[in-house]
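Asks: Using only what follows, build the 3D model:
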Amino acid sequence: MLPITKLSYLTLAVAGFGATCGLSRGGAQTVTPHATVSPAKTATTANDETVTLKEFVVTDAADLGYSTPNAIGISRTSEALIDTPQTINVINQQFLQDFAPIELGDVLQFVAGVTIESNVGDSTMIRGYTVRDQFTDGMVDNQNQSQLGAEPFQFDRIEVLKGPAGLVYGSTAIGGLTNRVRKAPSWKPRTELAFSIGTNNQTKTEFDYNAPLNKRVAVRLVATYLDQDMVNGVKTKFAFANRWNVNPSVTLKLGKSGQLRMFGEFLTERYYKHWGEVGMFATTTVPTQRTIAATANFARLGDREATFGIPQAQGGFTTWGLLPRNFTFGEQQSTAKNMKQTGGLFYEAKLGQDLLLRAGGTYSFWDHFVEDVIPVGMAGNNHEMTRIWRTIENVDQYSSFAVDTTYTFKLLGGEHRLFTVNQVQFRRQFQEIFGMNSARPIQNLDLFNPVYTGYNPFDKVRTNRQIGRAPNYAFGFKDSVKFFGDKLQFAGGPRYDAYRSRTDNLNTNIAGRQVKGNTWTYNYGAVFKPTKSYSLFYGHSETYAPNTTVNPDGGTFDPQLGAVNEIGLKMAFLDGLIAGTISTYRLKLTNIILIDPDPVRAAAGYRVNSGFQETTGYEADVFLTVTRGWQLNVGGSSIDVTTPNRIFPRGSAKKSANLATSYRVNDGPLKGLSFGLGWIYKSKFNVETAALTDRVARYYLPAYDYGSAWLSYNWKRYRFQLNVANVTDEWYLIRSVSKDQIYEGPERQYRMRVSRTF
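Replies: Now for the predicted structure:
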């Protein structure tokens, strides 16, 4: 780890914050706009508008079970979902409390069209496309090298925006993104302390302290500590994980029209680095079932024919289900260490009745150090894995500054809401890699008789040392106009991005070639809302991603461009008792880089950006309040390729379904008892590479279903809760990096949580 990241800074910050929190308290809670608030909640939230600018926050005051009517992800201010021409799913605080996730992937999988991807805790596939950049409160918050991902307890809600949201977020995945909303200070004093114990020696402590110090200052401290003998819910050999996460925040009211919001995040974690627990491999010379049966390899596997993966007629078989469940490719020394230090400051103001202003920025320092063993392919005998080891240190510094304005005015018979955004971002990345000494390679691992021998981390050769810089400037605006009240709405506008990137090789002292460019992207849409109970919408949104590949002659490529056209129905029937979104979309991604079709140029390393993907999909996400205590959320999605012989999105389930339900006893001797169930289904997964000629890497993962359940009881200020993950304990495959690194889903886990509020 770099010496400039010292844990003593964290200790001093927490100690000082704790001393500050000892002052007096008092006040009330915020309320979400555009929502019907029950009389019971009105008494506790009505005064909060005098101390908090409600346009910049969303709360759970208007949520109905797992259904929520508002989000801040579109314009970093609160907006009603029924008025936005885009599909947005929200995992609210009630859902987070009930399912008590250890990782965000534990709950993101219950969103239609979302699949867990790779071995990174927050890395997901949305509508078939990988989402790596993460956002918090509308600002970039990269932590994508953490296998554990972000700490769920620090967030109030998770917003999943389907399709590009380029106006605010710029270069993002075409399938969508997640915007995480932090727990922020409010003017209602509350403290929660919780302790959990679970399977595989899991323990977790959670602390949430919120207090108004006076009429102008409110503070909050959210902290967690996690320790467990597993990673990503799987107990492999050598697996362990522990993490500290501390999040202080302050809201300072500046008169009646403005406020300052400040936050910090300090994280340190260490865990076993694993790269997949099962494998899917191609055999060498056995094209048929008969010849396979005659080989020693197949005799060791047993008389079992694979029902997925590379067909045996093409010489393929799989080891899935035949290796020990705690199998790992790694060695005991395979560990990762991460440290994060993040801070942010925002000024938010309502200037008169017509103008909102939000200005501020964030800075994040992320230090990632990993020492691990990587599987690289099968040995010639087809039952031993060849491996290499390496050490990597990545230091990622990310600073971002933005000024947003929202101006409301009337013109030509319509009520306009003009939103503008100015953003400056700068990213600096340092990377150093050491590989093993080729004269002393690490021993192959026999898959069916593994002997772990360790390796010498000091016998190494530096293979890479580089530094990259990537500044970006963006400006955009969108006008949203309403006619006939809000029955007919139109919105649209452009965004301009100017970007540069350059990576210098410090090993060879060779300066890298600078890749730069600029692009315009557009989004527009319409909403028709005959009544407050439903709306019909159409949306077009775009995004881009710089192509940093350079041809041997120095030629660069235009950025990838993604566009989505979407139509759908948004519901809020019976005052929200039936709510949700049903939509269909067509998605196209162009300028994908492929190998040059000319064999001579391909051999010389030339590429062309002629590749494209085009898919269509259908999604539904519906919330039902059956009775006062019974909530039901059902959803599903379907995705398919519309361009024959082109690229299917990697690791995407063609069909999926999700269910979450809860029942709460509100009267009688069992009052305080609640229980619930979550279930997901994923059909067969396609796994393809961008190179159309790479037939070996083409395979698929089998369909699976997964269930989790919970039971809780509230008594006075205590809550006792039992969560069971993977209630069926089926051994299933949930994600993959390549055909050699395929991940099994979490095994059955029991976790008991006891919390106390003050």
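Asks: So what are the sheet partners of the host helix or strand of residue 518 and their directions?
Replies: Using DSSP states H and E, residue 518 falls within strand 515-531. Paired neighbours of strand 515-531 in the sheet (DSSP bridges): strand 488-505 (antiparallel), strand 534-545 (antiparallel).
Asks: buried ones in the first one?
Replies: In other words, strand 488-505. 489-495, 497, 499, 501-503 (16 or more other CB atoms under 10 Å). C-betas here are computed from N, CA, C, even on glycine.
Asks: And the shortest one, by the same measure?
Replies: Of the residues in strand 534-545, those scored as buried under the neighbour-count criterion (16+ other CB under 10 Å) are 534-535, 537, 539-545.
Asks: what packs against the helix or strand following it?
Replies: Scanning forward in sequence from strand 534-545, with DSSP H and E defining helices and strands, the next element found is strand 560-572. Applying 3 or more CB pairs under 8 Å, 6 or more residues apart in numbering; DSSP states H and E, we find strand 560-572 packed against strand 534-545, strand 578-595.
Asks: from the chain's centre, how far out does strand 560-572 sit?
Replies: Strand 560-572 has its C-alpha centroid displaced from the chain centroid by 20 Å (CA atoms, centre = their mean, to the nearest Å).
Asks: Which SSE is immediately downstream of it?
Replies: Criterion used, DSSP H and E; the element after strand 560-572 is helix 573-576.
Asks: could you give the mean pLDDT of that next one?
Replies: Averaged across helix 573-576, pLDDT comes to 91.
Asks: Buried by neighbour count: which residues of it qualify?
Replies: Residues of helix 573-576 classed as buried: residue 576 (neighbour count, 16+ other CB under 10 Å).
Asks: Pull the residues that contact that helix.
Replies: With CB atoms under 8 Å, 6 or more residues apart in numbering as the test, helix 573-576 has contacts from 36, 64, 67, 69, 533-534, 579, 625.
Asks: List just the nearest of the residues you listed to residue 448.
Replies: Nearest to residue 448 out of the contacts of helix 573-576 is residue 67 (CB to CB; 50.0 Å).
Asks: pretty sure that closest one contacts residue 578?
Replies: No: at 9.2 Å, residue 67 does not count as touching residue 578 under the criterion of CB atoms under 8 Å.
Asks: Please enumerate the strands of the stretch 1-150 of the chain.
Replies: Assignment of strands within the stretch 1-150 of the chain using DSSP state E, counting those that start in this stretch yields the ranges 70-71, 79-80, 88-91, 114-116, 124-126, 129-131, 135-136, 139-140.
Asks: Serialize those strands to TSV and add fields for mean neighbour count.
Replies: What follows is these, written out as TSV (neighbours: other CB atoms under 10 Å):
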stretch	mean neighbour count
strand 70-71	25
strand 79-80	21
strand 88-91	25
strand 114-116	26
strand 124-126	27
strand 129-131	22
strand 135-136	23
strand 139-140	22
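Asks: Pull out the buried residues from the longest strand along the chain.
Replies: Once the chain is assigned using DSSP state E, the strand that runs over the most residues is strand 384-411. For strand 384-411, the buried set under the neighbour-count rule, 16+ other CB under 10 Å, comprises 384-387, 389-400, 402-406.
Asks: Could you export the helices and strands packed on strand 560-572 as TSV, including distance to residue 162?
Replies: Shown next, in TSV, are the helices and strands packed on strand 560-572 (distance: least, CB to CB, whole Å):
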stretch	distance to residue 162
strand 534-545	9
strand 578-595	8
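Asks: Of all the ones you listed, which one comes closest to residue 148?
Replies: strand 534-545 (25.9 Å).
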